[in-house]
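Colleague: Return atomic coordinates for the entry below.
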Amino acid sequence: MTISRFVVFTTVLELRSFTKAATKLNMTQSAVSHAVSSLESEWGATLLIRDRKKGLLLTELGQKTVVHMREILNRIEQINQELAFASKLEAGTIRLGTFYSASACLLPKILARFQKKYPNIEFLFFEGTYGEVVDWLETGIIDIGFIIESSASKTFEMLSLVKDEMVVALPQGHRLGKRKIIEIEDIKEEPLIMPKGMYEPYILEIFKKAEIDPVVRFEVQDCTTIANMVQEGLGITIGPKLFLKTQRQLQLVHLAIENLRDVSLAYIAKPLVSPAVQAFLTEAGQIFNQKDGAPTIQ
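Modeller: Presented below is the predicted three-dimensional model:
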């Protein structure tokens, strides 16, 4: 059993391809296949199934052991980073998970400052839903991730960054578009495009507080699709300002009933994170001024 086989195996899983893994690792495809087969032969068990329709699938044992492989590789990376920081070389890789609005509005601010101080540290980015980011943290695929605090596991440490307000998004020219603040009663008859998934509980809570049942015309998962539907006049929506303010074609108005969600960086217990991740957390905390609490999105 060698560390190099763990690197090959986890890279194949990360890229979902033997060919792509071979290119990334500067190996031949046959060498990659041999490394995976050798690991399976050594352990006397099948870890990976190659399915023509579904692609690469982990067996039950593969699912259990890959977590430990990643943990071992993470610890080796931490050792290398400790040595690099001690010699002031400051090298290493941060694997960071994020969702769309955090990628667009929060991450660039941190990266711009961080890269000036630590130009030799590289990043691997994983973009997905809130649930996917949490899963990636729990399985060791990423070191740190942007999350909504209510979606996170209690096993993570949190660095609160911003409080994101839930606002109403209207098409251009809507009758309520010139008002800065509206009551929930003002939109009780408006057809609502309801975001499915993470945002939905926040929106239902807003209507519940006002004792009003929303008129839901559509239920849609993808945020960009929702924004386009609102733009076309198919209804209005309620969602996080962090995302909606990036949609220039929409008019945003505040609700009299305030509803905030905490956007944070989640990570494993601080003594266990690498020096690079600790430095990233320090820079993020200074940018968003944690002394006075998490600022609200402007």
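Colleague: Find the centremost residue of this protein, please.
Modeller: T98 (2.5 Å; C-alpha atoms, centre = their mean).
Colleague: For it, give me the pLDDT.
Modeller: For T98, the pLDDT comes out at 92.
Colleague: what stretches of the protein score poorly on pLDDT?
Modeller: 1, 84, 86-89, 150-154, 269-272, 289-298 (pLDDT under 70).
Colleague: remind me, longest strand of it?
Modeller: strand 157-171 (DSSP state E).
Colleague: quick one, domains of the protein?
Modeller: Structural domains assigned to the chain are 1-79, 163-260, following automatic domain parsing.
Colleague: The longest strand of the chain packs against which elements?
Modeller: helix 200-209, helix 223-231, strand 237-240, helix 241-244, strand 250-255, strand 260-267, helix 275-287 (3 or more C-beta pairs under 8 Å, 6 or more residues apart in numbering; DSSP states H and E). Where C-beta positions appear, they are placed from N, C-alpha and C, glycine not excepted.
Colleague: among these, which is the most enclosed?
Modeller: Among these, ranked by average contacts under mean count of other C-beta atoms under 10 Å, first place goes to strand 237-240 (a mean of 25).
Colleague: sorry, back to before: CA atoms only for the longest strand of the chain, dumped as CSV, please.
Modeller: Extracted C-alpha coordinates of strand 157-171, given in CSV (Å, rounded to 0.1, in the frame of the first residue of the first chain):
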residue,chain,number,x,y,z
GLU,A,157,-16.3,25.4,13.0
MET,A,158,-17.8,28.6,11.6
LEU,A,159,-16.5,32.0,10.6
SER,A,160,-19.5,34.2,10.0
LEU,A,161,-19.0,36.6,7.1
VAL,A,162,-22.2,38.4,6.1
LYS,A,163,-25.9,38.5,6.9
ASP,A,164,-27.7,38.2,3.7
GLU,A,165,-31.2,39.8,3.5
MET,A,166,-34.1,38.1,1.8
VAL,A,167,-35.6,40.7,-0.7
VAL,A,168,-38.4,40.8,-3.3
ALA,A,169,-37.3,40.7,-7.0
LEU,A,170,-39.6,42.3,-9.5
PRO,A,171,-39.6,42.7,-13.3
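Colleague: Please enumerate the helices of this structure.
Modeller: According to DSSP state H, the chain carries its helices in the segments 3-15, 18-25, 29-43, 60-86, 100-105, 107-117, 130-138, 200-209, 223-231, 241-244, 275-287.
Colleague: ok, back up a step: just the domains of the chain: most buried one?
Modeller: Of the domains of the chain, domain 163-260 is the most buried (mean count of other C-beta under 10 Å), at a mean of 17.
Colleague: thinking again about what came up before, how about the contacts made by the residue nearest to the centre of the chain?
Modeller: With contacts defined as C-beta atoms under 8 Å, 6 or more residues apart in numbering, the neighbours of T98 are 107, 125-127, 133, 145-146.
Colleague: try it again with 7 Å
Modeller: 107, 125, 127, 133, 145-146 (C-beta atoms under 7 Å, 6 or more residues apart in numbering).
Colleague: okay if I get the helices and strands packed on strand 157-171 as JSON lines plus distance to K53?
Modeller: Listed next are the helices and strands packed on strand 157-171 as JSON lines, based on distance: least, C-beta to C-beta, whole Å:
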{"stretch": "helix 200-209", "distance to K53": "32"}
{"stretch": "helix 223-231", "distance to K53": "27"}
{"stretch": "strand 237-240", "distance to K53": "36"}
{"stretch": "helix 241-244", "distance to K53": "34"}
{"stretch": "strand 250-255", "distance to K53": "40"}
{"stretch": "strand 260-267", "distance to K53": "34"}
{"stretch": "helix 275-287", "distance to K53": "38"}
